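> when you get a sec, could you give me coordinates for this:
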Amino acid sequence: MNNILFFLTPKAMCTYLYDDYTMRQALEKMEAAALAAVPILNRRGEYRCAVTEGDMLWAMKNMCYMDIRQAEAHKLMEVPHRREYVPVRVTTTMQELVERAGSQNFVPVVDDKDTFIGIIKRSDIIKYCSQKLFPED
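Now for the predicted structure:
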């Protein structure tokens, strides 16, 4: 397996946030999707970064004093990020992908213009490796 696109969940099937959302909009969308980490895009579709539940929790504590109404006054991009979810390109090797997935729930994938095209979930990589290592008889 040399093509990382085998693992790609396309953008159309991904939950993502826009960088002009408020913290409250982001929290509501993350809650509805039941996701712990979500990519953030600009309105041109370019990948910006990712936000995690932990990022949002600390921002609510430190910026909004645990008041959801104050979360409407803060933009999502004001939220400090504790970890970078660095994207990969379609030309990335499987070794690089596995190394990146070791420290991220998902790996964002961008094209050569930094346009977000989807994610590769760590769980899909683990499932593939498990099937290769422990094939059923």
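
> so N105 touches V38, yeah?
No - with contact defined as C-beta atoms under 8 Å, N105 does not reach V38; the gap is 9.8 Å. Yep, even glycine has a C-beta here, placed from its N, CA and C like the rest.

> pick out whichever of the two has more residues nearby.
Counting neighbours by other C-beta atoms under 10 Å for N105 and for V38 shows that V38 has the greater number, 23 against 17.

> the strand or helix carrying the more buried one pairs with which strands, parallel or anti?
According to DSSP states H and E, V38 maps onto strand 37-41. Strand 37-41 sits in its sheet next to strand 17-18 (parallel), strand 47-52 (antiparallel), going by DSSP bridges.

> which outside residues touch that strand?
14-19, 26, 29-30, 47-53, 76-77, 85, 104-106, 108, 116, 119 (C-beta atoms under 8 Å, 6 or more residues apart in numbering).

> just the mean pLDDT for that strand, thanks.
Per-residue pLDDT over strand 37-41 has a mean of 97.

> what's near enough to touch the residue lying closest to Y85 once chain neighbours are set aside?
Sequence neighbours aside, A50 is the residue nearest to Y85 in space, at 3.6 Å (criterion: C-beta to C-beta, 6 or more residues apart in numbering). Contacts were defined as C-beta under 8 Å, 6+ apart; by that measure A50 touches A37, V38, P39, I40, H81, Y85, F106, P108.

> bridge partners for the second one, pull those for me.
Here V38 shows beta-bridge partners V51, assigned using DSSP bridges.

> so it versus A50, what's the distance?
Distance, V38 to A50, by C-beta to C-beta, to the nearest Å: 6 Å.

> which residues of the chain score low on pLDDT?
1-2, 137 (pLDDT under 70).

> which residues in the protein form strands?
Here the chain has its strands, by DSSP state E, at 8-10, 17-18, 37-41, 47-52, 88-89, 106-110, 116-121.

> do a quick rundown of the helices in this structure.
Using DSSP state H, the helices of the chain run over residues 23-33, 53-63, 94-101, 122-133.

> is it true that M77 touches Y18?
No - in this structure M77 lies outside contact range of Y18 using C-beta under 8 Å: 9.8 Å.
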